[in-house]
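# predicted model follows, preceded by the sequence.
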Amino acid sequence: MNQLRFTLLSILLLIVVGCQGSSPQSMEILHPDDSTTLIKLQRHQYYLLAPIEENQREATVVLLGEQNEEVEMDLRLAVDSVDYFVPIPIPRGKDPYTIKVVGLSPKAITWQRLQLADSFDTSHRDYYRPSYHHSPAYGWMNDPNGMIYKDGVYHLYYQYNPYGSRWGNMHWGHSRSRDLIHWEHLPPALARDTMGHIFSGSAIFDREGRAGFGKNAILAYYTAHKIREGKQWQAQCLAYSTDDGLSYTKYKGNPILTPSDGISDFRDPKVFWYEPNDRWYMIVSADKEMRFFRSEDLKRWEYVSAFGEGYGARPNQFECPDFFELPLEGSGEKKWVMLVNINPGCPFGGSATEYFVGTFDGETFVPDTEPEVARWLDFGKDHYAFVTFHGTGSRALGLAWISNWQYAHLTPFKQSRGANSLPRELFLFRQEGRTYVGARPAKEVEALRKEERKLALPPTLHTDLTLSDALRDLDDSFELEVELTPSPKASRVGFVLSNELGDELPIYLDLEKGRIVMDRTRSGLVDFGLHATPHERERADWRTGEGINYQNDFALATWAPLGICRGGRYQLRLFIDRSVAELFVDGGRIAMTNLVFPRKPYSQLRLFSDSATSTIHSARLYRLGL
Ligand code: FRU
């Protein structure tokens, strides 16, 4: 009976999409049963454009990998309507080429909407996509990976899904830049394979050729992730590049490191050089701790020690480690810094970047702080997976992913979801006997300033001062720098960005509570989580492992303690880029990154000092652009 149904279902569609000489290009679509489809391409073009409907479940699309092996990708192929298309590259020289799709009904709209094309239009269509922050040309992005500076070029690899703007099919996407501002999008450097997804990791250049792939080969370390018999499996793998990071060959001996105790959360290797021992080390997140390994040949790694259990905000999943030495400003001293991205555990919910400062002797890391102390690299809700570039000498330069696993899938983007913070330079400073890590925008960012707009401001501020047109035509792409000394009697001093629809973003010093606050409660679209389908919620819950309150997980204010600033006079430097608000106080002693979705660009600026007169030392506004 079933057999009969399947035979009846075996509809053959022959779509002639163009003519090349005498033989037509063709796409045949066959449904051998009601959940399997074969797409047979002849004299094909370079891409098969696949229609995506974001809220559908994933169907399995079987493609041919580098060695002609079958690799499964998960695509939310359209069933009822099409949100956007993604390009599936069809390898040259493989004609005919057959793609198998499993788990999509023969009635799905996908079968009418598939197209062959020789190019894919990546021109910018998302309203909220940042204009001067890096984001992928299309698809989904989370963590920055394997960032490396070599021969004048910054390589930014990143967790990438080229087959949809939701998490899945982890590849390492690739962009490069000479100035940290203009990024060139390149094809993915590492693709999901039969060993699994290509999770986060790091890259180094092997100056001496210790790994045997030649001097100066770039070595990329990543985690292979797969669900095997219902259980998560993660192991560290190696790939090498001898063409300056454009293409990578996966090492035949992969995986190179599996957890001896069989833990299932074991990922995101960061490799670093430890000069006193003349050795490469690797730090890997292992559930709720970090593990150190070391190696002579960059392929075999021996366990050294672990740190983290019981430290910081807990108990939380450790992810995306980084480990480097930094000089303490104003002294000759140097300290080791461990970055630990944790999820969940953010003081405002979801994911955030924590750090520990301490000493390292090649064997163990000893933090300067007591176990209960938690320090944050950024006090916003949308700063995650911050890691630094390899090869930048004494500069600890890095990038974060601007989102939060709580709602990362639900943000109002389609074509390209996920952006990076501005490049930031980390520094160590001391305040009241404690050591902190600050993050300032890299000086290269100043090249974004296209025009300074004069602000007519009196030297003192009492109650409100509204500059109605100050931000008009800046298209939410600007930098605002205000330096002020609040009156000792004032309780709140700061400014508000707003638009004619009533969306507003107040940023102010709350002097009674000793905080700087960014309040996005009424900043524009804030309730997109409420419209989430059950499936979206299930996915987000799975990612964070905590219940989500869709009502106010986005609509909230974030704050940082003013006690880590010098006090008295404050410098507030704010970058707005469509949906990104990045704030730096006192040269980066405080950084705060939040997503905002104003329904129209903010056009008005209101400065305020309640109850007493404060002093404005300077206020500068720049239009920013590439
Ligand atoms: C952090 C993370 C990493 C993992 C990657 C998967 O955001 O969960 O631990 O490698 O994302 O995309």
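Perfect, thanks for sending it.

# restricting to C-alpha, output the longest strand along the chain in PDB.
For the chain, the strand with the greatest residue count under DSSP state E is strand 604-624. Extracted C-alpha coordinates of strand 604-624, given in PDB (Å, rounded to 0.1, in the frame of the first residue of the first chain):
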ATOM      1  CA  GLN A 604      16.700  64.000  18.800                       C
ATOM      2  CA  LEU A 605      19.200  64.400  21.600                       C
ATOM      3  CA  ARG A 606      18.200  65.600  25.100                       C
ATOM      4  CA  LEU A 607      20.800  66.300  27.700                       C
ATOM      5  CA  PHE A 608      19.600  66.400  31.300                       C
ATOM      6  CA  SER A 609      20.900  67.000  34.800                       C
ATOM      7  CA  ASP A 610      18.100  66.700  37.400                       C
ATOM      8  CA  SER A 611      17.900  68.800  40.500                       C
ATOM      9  CA  ALA A 612      21.200  70.700  40.100                       C
ATOM     10  CA  THR A 613      23.500  72.200  37.600                       C
ATOM     11  CA  SER A 614      26.200  70.000  36.100                       C
ATOM     12  CA  THR A 615      29.200  71.000  33.900                       C
ATOM     13  CA  ILE A 616      29.600  70.000  30.300                       C
ATOM     14  CA  HIS A 617      33.200  70.100  29.300                       C
ATOM     15  CA  SER A 618      32.800  69.000  25.800                       C
ATOM     16  CA  ALA A 619      30.300  67.300  23.500                       C
ATOM     17  CA  ARG A 620      31.200  66.000  20.100                       C
ATOM     18  CA  LEU A 621      29.100  64.300  17.500                       C
ATOM     19  CA  TYR A 622      30.500  62.500  14.400                       C
ATOM     20  CA  ARG A 623      28.700  61.000  11.400                       C
ATOM     21  CA  LEU A 624      30.400  57.600  10.900                       C
END
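
# helices or strands up against that strand?
Applying 3 or more C-beta pairs under 8 Å, 6 or more residues apart in numbering; DSSP states H and E, we find strand 604-624 packed against strand 449-453, strand 460-467, strand 477-485, strand 492-498. C-beta: built from backbone N, CA, C; applies to glycine.

# can you put the ones you listed in CSV and add mean pLDDT and distance to Val596?
Shown next, in CSV, are the helices and strands packed on strand 604-624 (pLDDT from 0 to 100; distance: least, C-beta to C-beta, whole Å):
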stretch, mean pLDDT, distance to Val596
strand 449-453, 96, 21
strand 460-467, 90, 19
strand 477-485, 97, 13
strand 492-498, 96, 9
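
# single out the most deeply packed of these.
For these, the largest average neighbour count (mean count of other C-beta atoms under 10 Å) is found in strand 492-498, namely a mean of 22.

# off-centre distance for that one?
Its chain's average C-alpha position is 29 Å from that of strand 492-498, according to C-alpha atoms, centre = their mean, to the nearest Å.

# listing partners with orientation, what would you give for the longest strand of the chain?
Counting by DSSP bridges, the strands paired with strand 604-624 are strand 449-453 (antiparallel), strand 460-467 (antiparallel), strand 477-485 (antiparallel), strand 492-498 (antiparallel).

# near the ligand, which residues of this protein?
Proximity of the chain to the ligand (C-beta under 6 Å from any ligand atom) is limited to residues 142-143, 159, 170, 199-200, 223, 267-268, 319-320, 385.

# dump the residues you listed to TSV, plus pLDDT and neighbour count.
Listed next are these as TSV, based on pLDDT from 0 to 100; neighbours: other C-beta atoms under 10 Å:
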residue	pLDDT	neighbour count
Asn142	98	23
Asp143	98	25
Gln159	98	25
Met170	98	26
Phe199	98	24
Ser200	98	29
Thr223	98	25
Arg267	98	25
Asp268	98	29
Glu319	97	21
Cys320	98	30
Ala385	98	28
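
# list just the nearest of these to Glu58.
Nearest to Glu58 among the residues of the chain next to the ligand, counting by C-beta to C-beta, is Met170 at 13.4 Å.

# so what's the closest one up against?
When contacts are counted by C-beta atoms under 8 Å, 6 or more residues apart in numbering, Met170 touches 159-161, 192, 197-199, 225.

# just the element for whichever residue of the stretch 301-450 of the chain sits closest to the ligand, please.
Closest approach between the stretch 301-450 of the chain and the ligand, counting by C-beta to the nearest ligand atom: Glu319, at 3.6 Å. Using DSSP states H and E, Glu319 maps to strand 317-327.

# partner strands of that strand, parallel or antiparallel?
With DSSP bridges as the test, strand 317-327 is paired with strand 334-343 (antiparallel).

# I'd assumed Ala456 was in contact with Leu467.
Yes: using C-beta atoms under 8 Å, Leu467 makes contact with Ala456 at a distance of 7.4 Å.

# would you confirm that Leu605 contacts Asp469?
No: the criterion here is C-beta under 8 Å, and Leu605 misses it with Asp469 at 9.1 Å.

# what about the protein, any weak spots by pLDDT?
Counting by pLDDT under 70, the chain contains low-confidence ranges at 1-24, 529-552.

# got the domain ranges for it?
Here the chain is described, according to automatic domain parsing, as comprising the domains 3-117, 139-441, 454-624.

# for the longest one, measure first residue to last.
Domain 139-441 stretches 26 Å from its first residue to its last (C-alpha to C-alpha, to the nearest Å).

# same thing with stretch 106-126?
First-to-last residue span, stretch 106-126, C-alpha to C-alpha: 31 Å.

# break down the stretch 451-600 of the chain into its helices, ranges please.
For the stretch 451-600 of the chain, helices defined by DSSP state H, counting those that start in this stretch occupy the ranges 534-544.

# I am finished for the moment; much appreciated.
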